[in-house]
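**Q** okay, predicted coordinates and the sequence, questions at the end:
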Amino acid sequence: MSEERMRILQMVAEGKVTPEEGARLIEALGRTEQAAEKGETLPQLSGRFLVIRFFESEDKHGTVRVPLELLDVATRFVPADAEVEVGGAKIKPSAILAAVREGLGYGDIADIKDGEEWVKISIEGPGQ
């Protein structure tokens, strides 16, 4: 069994990801491994951005755009179980990249609202 699969199973055992999230990650990993064996390329990250828009108040709001290629490199240095809390929701950078690798083209990944505060996470192209 690969080291990546063992890490995913360990994260499930430790309660860091749900069994459903673990299954999705293992499935995505399997597709990645199969594609590599067949010499196929993964979905292109080039030219796409992870975009996080947030609003807390008139004084605290903004947009962050991260090239997916940079996110891909950065997640290699971030523990697989790392989480970021955004608007009260815990988001795993590795899960976002896995969703992108699974074929998510463009569009919303998460739309989190808490009263007047909100966070929206999406994948966008260069002209969006």
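**A** Done, it's in.

**Q** do a quick rundown of the helices in this protein.
**A** 3-13, 19-38, 68-75, 93-101 (DSSP state H).

**Q** quick one, the shortest one and helix 93-101 angle?
**A** Read that as helix 68-75. Orientation of helix 68-75 against helix 93-101 (axes from the mean of the first three to the mean of the last three C-alpha atoms, to 10 degrees) gives an angle of 140 degrees.

**Q** re earlier: mean neighbour count, the helices of the chain: which tops it?
**A** helix 93-101 (a mean of 20; mean count of other C-beta atoms under 10 Å). In short, each C-beta sits where N, CA and C put it, glycine included.

**Q** excluding chain neighbours, what is closest to residue 16?
**A** residue 81 (4.3 Å; C-beta to C-beta, 6 or more residues apart in numbering).

**Q** next up, the contacts around the residue positioned nearest the centre of the chain.
**A** Residue closest to the average C-alpha location in the chain (C-alpha atoms, centre = their mean): residue 96, at 1.0 Å. Shown in contact with residue 96 (C-beta atoms under 8 Å, 6 or more residues apart in numbering): 50, 71, 109, 121.

**Q** and the gap between the second one and residue 15?
**A** Translated: residue 71. Per C-beta to C-beta, to the nearest Å, residue 71 is found 25 Å from residue 15.

**Q** same question, the last one
**A** Taking C-beta to C-beta as the measure, residue 121 and residue 15 are separated by 23 Å.

**Q** okay, those two: which has more neighbours?
**A** Shown here are residue 121 and residue 15; by other C-beta atoms under 10 Å, residue 121 has more neighbours (20 against 8).
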